[in-house]
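K.L.:
Quick check, what structure comes out for this input:
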Amino acid sequence: MLPTTADNGVRLAAILPSGISAVALGLGIEPRAAFDAAPGVPIPDPERLPALRSFVMIVVDGLGHANLNARKGQAPALARLPRRRIETVAPSTTGAALTTLTTGRLPGQHGLIGYRIRHPELGLVTTLKDWEGIDDRRAWQRAAPLFGIASAIGARAVAIGRPAHATGGLTEAILGGAEYHAGQRIEDRFAVASQLLRSGDPVVAYLYVDELDKAAHEHGWQSDAWVRRLERLDGELDAFLRALPADVGVVVTADHGIVDVGPHQQIMLDADPELFADVAEVGGEPRFRSLYLREGADADSVAREWAAAEGARAWVATRDQAIASGCFGPVADPVAPRLGDVIIAARKQVAYYSSADDPRSLEMVGQHGSFSEDERGVPLALAGALAGTGFASAVASAEVRAAG
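P.N.:
Down below sits the predicted model:
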């Protein structure tokens with residue numbers, strides 16, 4: 001069975017709705033009314049929120065709460081901010097978490113429920129890159145991004161990231177309704193944000209930093225390369241906050257944390273042909289595998305065999321058991337088949353591969369996707385006009401508004 005967690009990512013989902021609500025208060029608009037057309041979004045108690053002119057959500061890919069705590073000496077600006085640990089979504093992977101951050105819905109609702117998942121016509125596709133042939137992207141990524149709500153209340157909705165991310169399927173799916181502003185370097189992105197905030201107009205901004213995640217995958221989060229990028233981020237954040245207008249609130253958060261896995265900790269799923277006999281395809285990612293079974297195979301029996309074989313190294317569950325655990329949030333009927341019939345989530349510091357994987361993927365050091373404390377824990381750090389306010393408690397207590 002999969003583990004129970006403090007939450008299933010609802011607090012991550014509540015960050016942007018809470019920021020938009022705070023800007024609505026600053027504009028004299030009743031926040032809850034702004035979300036009338038957004039069922040399934042966690043809505044905060046407006047009495048816990050400050051009134052803001054603008055809100056900035058800085059998302060640092062791969063900056064887990066534990067990773068930051070271990071290297072806080074190299075990040076004094078971040079270390080000074082009031083922060084708490086919240087939990088990301090399951091699986092703890094970028095496509096699932098970024099979509100939750102921008103739509104306010106959990107993976108079972110928005111549908112990007114993993115890294116490599118099954119499309120009904122195209123077969124296994126990755127949620128980050130494989131969008132060619134997906135014509136109805138609103139049916140694939142099922143939840144509307146919240147930037148339209150920000151615009152509807154009179155704020156300028158913007159997304160700031162690398163030029164390479166300005167277009168593409170995932171960008172269209174999760175950043176729709178926002179103006180895209182590009183900056184190649186971390187400092188360029190913060191400069192763009194500062195310029196937009198100096199305009200005096202109400203702004204709701206999403207600023208994405210992926211340099212730490214890239215360094216972690218290649219070298220590990222404990223490497224000098226990762227630390228150098230953390231120090232660079234921290235310096236730019238410090239300068240950005242020092243010049244921040246007084247009526248702007250800032251959140252720093254992440255999509256997931258990172259664990260380092262060495263070559264000796266790699267496990268080949270197809271090393272035992274008898275155990276692998278009923279597996280037709282392998283999806284997910286190395287620390288959260290989806291096994292898609294051959295027609296006629298019994299998922300319960302296969303799950304029991306894998307659980308016996310893996311023991312304490314992994315959590316093993318059938319798709320139905322995983323959905324029943326609530327870890328993905330409520331799962332819509334069209335979303336369920338995107339998951340494998342059997343889920344294997346790494347419990348120990350291991351990664352699962354098969355001989356069909358790209359050999360380059362075995363060179364990856366930093367990993368994520370599973371339920372460990374280090375992977376699921378991400379920071380919720382407050383700065384600017386949010387420091388010393390009830391924003392964090394508003395996020396923590398936000399209630400999901402049901403449809404109808």
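K.L.:
which residue sits closest to residue 310, ignoring its sequence neighbours?
P.N.:
In space, and not counting its chain neighbours, residue 310 is closest to residue 316: 6.2 Å by C-beta to C-beta, 6 or more residues apart in numbering. C-beta: built from backbone N, CA, C; applies to glycine.
K.L.:
which stretches of the stretch 201-350 of the chain form helices?
P.N.:
Per DSSP state H, counting those that start in this stretch, the stretch 201-350 of the chain carries helices over the ranges 211-219, 224-242, 299-310, 319-324.
K.L.:
Point out the most buried one among those helices.
P.N.:
Among the helices of the stretch 201-350 of the chain, helix 211-219 has the highest mean neighbour count (mean count of other C-beta atoms under 10 Å), at a mean of 21.
K.L.:
I'd like the average pLDDT over that one.
P.N.:
If you average the pLDDT over helix 211-219, you get 98.
K.L.:
who's in contact with that helix?
P.N.:
60-63, 94, 186, 221, 223, 225-226, 228-230, 232-233, 258, 260, 363-367 (C-beta atoms under 8 Å, 6 or more residues apart in numbering).
K.L.:
Kindly format the C-alpha coordinates of it as PDB.
P.N.:
C-alpha atoms of helix 211-219 as PDB (Å, rounded to 0.1, in the frame of the first residue of the first chain):
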ATOM      1  CA  GLU A 211      18.600  25.700 -12.800                       C
ATOM      2  CA  LEU A 212      18.800  23.800  -9.500                       C
ATOM      3  CA  ASP A 213      16.800  20.900 -10.800                       C
ATOM      4  CA  LYS A 214      19.000  20.600 -13.900                       C
ATOM      5  CA  ALA A 215      22.100  20.600 -11.800                       C
ATOM      6  CA  ALA A 216      20.700  18.000  -9.400                       C
ATOM      7  CA  HIS A 217      19.700  15.600 -12.200                       C
ATOM      8  CA  GLU A 218      23.200  15.800 -13.700                       C
ATOM      9  CA  HIS A 219      25.400  16.100 -10.600                       C
END
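K.L.:
from memory residue 253 sits against residue 377, does it?
P.N.:
No - with contact defined as C-beta atoms under 8 Å, residue 253 does not count as touching residue 377 (11.2 Å).
K.L.:
what is in contact with these two at once?
P.N.:
In contact with both residue 253 and residue 377: residue 86, using C-beta under 8 Å, 6+ apart.
K.L.:
how long is stretch 81-92 end to end?
P.N.:
Taking C-alpha to C-alpha, to the nearest Å as the measure, stretch 81-92 stretches 24 Å from start to finish.
K.L.:
And stretch 310-324, by the same measure?
P.N.:
22 Å.
K.L.:
now stretch 378-397
P.N.:
17 Å.
K.L.:
From one end of stretch 103-113 to the other, what's the distance?
P.N.:
14 Å.
K.L.:
scratch that, stretch 110-130
P.N.:
End residues of stretch 110-130 are separated by 17 Å (C-alpha to C-alpha).
K.L.:
Tell me which residues of that stretch come out buried.
P.N.:
Within stretch 110-130, the residues scored as buried using 16 or more other C-beta atoms under 10 Å are 110-118, 124-125, 127-128, 130.
K.L.:
got JSON lines for these, with distance to residue 80, pLDDT and secondary structure too?
P.N.:
Shown next, in JSON lines, are the buried residues of stretch 110-130 (distance: C-beta to C-beta, whole Å; pLDDT from 0 to 100; DSSP: H, G, I helix; E, B strand; the rest coil):
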{"residue": "110", "distance to residue 80": "34", "pLDDT": "98", "secondary structure": "helix"}
{"residue": "111", "distance to residue 80": "38", "pLDDT": "98", "secondary structure": "coil"}
{"residue": "112", "distance to residue 80": "34", "pLDDT": "98", "secondary structure": "coil"}
{"residue": "113", "distance to residue 80": "36", "pLDDT": "98", "secondary structure": "coil"}
{"residue": "114", "distance to residue 80": "36", "pLDDT": "96", "secondary structure": "coil"}
{"residue": "115", "distance to residue 80": "34", "pLDDT": "97", "secondary structure": "coil"}
{"residue": "116", "distance to residue 80": "39", "pLDDT": "97", "secondary structure": "strand"}
{"residue": "117", "distance to residue 80": "39", "pLDDT": "98", "secondary structure": "strand"}
{"residue": "118", "distance to residue 80": "45", "pLDDT": "97", "secondary structure": "strand"}
{"residue": "124", "distance to residue 80": "44", "pLDDT": "97", "secondary structure": "strand"}
{"residue": "125", "distance to residue 80": "42", "pLDDT": "97", "secondary structure": "strand"}
{"residue": "127", "distance to residue 80": "35", "pLDDT": "96", "secondary structure": "coil"}
{"residue": "128", "distance to residue 80": "33", "pLDDT": "95", "secondary structure": "coil"}
{"residue": "130", "distance to residue 80": "41", "pLDDT": "95", "secondary structure": "coil"}
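K.L.:
mind putting the residues you listed in TSV, distance to residue 48 included?
P.N.:
Converted to TSV, these look like this (distance: C-beta to C-beta, whole Å):
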residue	distance to residue 48
110	26
111	31
112	30
113	31
114	33
115	35
116	39
117	36
118	41
124	43
125	40
127	33
128	35
130	40
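K.L.:
and which of these is nearest to residue 17?
P.N.:
Using C-beta to C-beta, residue 110 comes nearest to residue 17 of the buried residues of stretch 110-130, at 14.0 Å.
K.L.:
returning to that earlier point: tell me the one among the buried residues of stretch 110-130 nearest to residue 193.
P.N.:
residue 128 (23.7 Å).
K.L.:
This completes my enquiry, with thanks.
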